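Asker: below are the sequence and a predicted model; questions follow.
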Amino acid sequence: MTQVPAGAFTRLHLADSINNSLYNYAQPLGFRPWMRNGITFTGNSDQAYIGQRYYGNDSTDLVFQWSDNPGAGNYTPDRLRFIFTSNYSATRDTGAKSMEGLEALRMYPVDSFNVNVGIGDFWKAGVFAGSAVDPAERLDVLDGRVRIRQLPTEAEMDTVDKYVVVNEDGVLGWRPTTPGTGTDCDWKISNEGVSGATTPHHVWTAYLNASNDCPDKNDHVGIGTNLPSAAKLVVVEVADQDGTENGIHVTITADDETTQGIAVRNEPPANTNGGTVRGINVTATNGLTRTEGSSRLLLVTWRTIQTPSYSGFGALRIQMLRSNLR
């Protein structure tokens, strides 16, 4: 135990005792000899100090110190708390008008080496929980949001390879970005971070770039499926709702320019031998199982337009196997 002065610990010492026990009204366990020019509080077998801490000449810290029981044990942990109060109301159990007041911040000594900081009314949280609630992380925000006002204008950290993640309990952590080789060809957006009605913001992925080193150039994109192996873009819709459902729906509000709902260009390299080249290949099946009525299924057209080209042929092929048209 640190040797304490025989009388007052510091320039001003406020002691409170409910009995004549020395450890009750003059708890010495948290005292340090550098506690000189300040105010000491002792009572209820605990001690605190607000004052100056001298180091070298003209080097001084202002210290808020409290003691002396960390964590959970036989004695309630000693916390440092900031509380706001207004006029008291006996009808309020929590908040600024309650007997306890509105807690803004608390520091909770987890053990002899770590203190967690909590922002929010942890007293109120304990009332609703039925037992004490203390900050569980180094910084624990009980509710509300965190805002960094300058962040959107800071320079982009485009050389880092880690990002912040959050679990279902709101605990933040970090993990490295997905490892890969070559050029990053995940989803991209042009002119990202640049606003303006005339600035294009196209989105793309899985492309063959100029240097031919894109690791995703042979990958596919799936909407409604995680196995898009049949084509570059695979759309799967399970039609289980009333009314018409479409896998792809295109609407163009036409103006004086030439418009196309779907434009298809199938252009293999010149002088390529073998293979069938089709612009569009459409197949509709099970038409007879559909309910007839005002909304009928058009499944009647078969038309192939062939144009000679190298060893294969170019074609528009629409194949409908059944029809219920009358």
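Answerer: The structure has been received and is ready for your questions. Numbering: from 1, shown residues only.

Asker: rest of the way, CA atoms for contacts and neighbours
Answerer: Fine.

Asker: give me the below-cutoff pLDDT ranges for this structure.
Answerer: For the chain, applying pLDDT under 70 flags the ranges 1-2, 178-186, 208-216, 241-242, 254, 272-274, 284-326.

Asker: burial measure for residue 76, as a count.
Answerer: Number of residues near residue 76 (other Cα atoms under 10 Å) recorded here: 11.

Asker: cool, residue 27 as well?
Answerer: Quick note: residue 27 (other Cα under 10 Å) scores 22 neighbours.

Asker: can you name the element that comes right after the biggest helix by length in the chain?
Answerer: Identified as the longest helix of the chain according to DSSP state H is helix 122-129. Next along the chain after helix 122-129, taking DSSP states H and E as the criterion, comes strand 139-141.

Asker: any idea how far that following strand is from the middle of the chain?
Answerer: A distance of 16 Å separates the centroid of the chain from that of strand 139-141, by Cα atoms, centre = their mean, to the nearest Å.

Asker: can you tell me what sits against that strand?
Answerer: Here strand 139-141 makes contact (Cα atoms under 8 Å, 6 or more residues apart in numbering) with 116, 117, 118, 119, 120.

Asker: what is the nearest of those residues to residue 45?
Answerer: Checking the contacts of strand 139-141 against residue 45 with Cα to Cα, the nearest one is residue 116 at 22.9 Å.

Asker: in what helix or strand does the closest one lie?
Answerer: Per DSSP H and E, residue 116 falls inside strand 115-119.

Asker: and that strand, which residues are buried?
Answerer: For strand 115-119, the neighbour count (16 or more other Cα atoms under 10 Å) marks 115, 116, 117, 118, 119 as buried.

Asker: got it, and stretch 256-274?
Answerer: By neighbour count on 16+ other Cα under 10 Å, the buried set for stretch 256-274 is empty.

Asker: over to stretch 65-83?
Answerer: Residues 65, 66, 67, 68, 69, 70, 71, 77, 78, 79, 80, 81 are the ones in stretch 65-83 that count as buried (16+ other Cα under 10 Å).

Asker: all strands for the stretch 151-300 of the chain, in order.
Answerer: For the stretch 151-300 of the chain, the strands defined by DSSP state E, counting those that start in this stretch cover 162-166, 172-176, 188-189, 203-204, 221-223, 233-235, 277-284.

Asker: for the stretch 1-150 of the chain, what spans make up the helices?
Answerer: 22-25, 122-129 (DSSP state H, counting those that start in this stretch).

Asker: can you tell which of those helices is closest to residue 220?
Answerer: Closest approach to residue 220 among the helices of the stretch 1-150 of the chain (Cα to Cα): helix 122-129, 48.9 Å.
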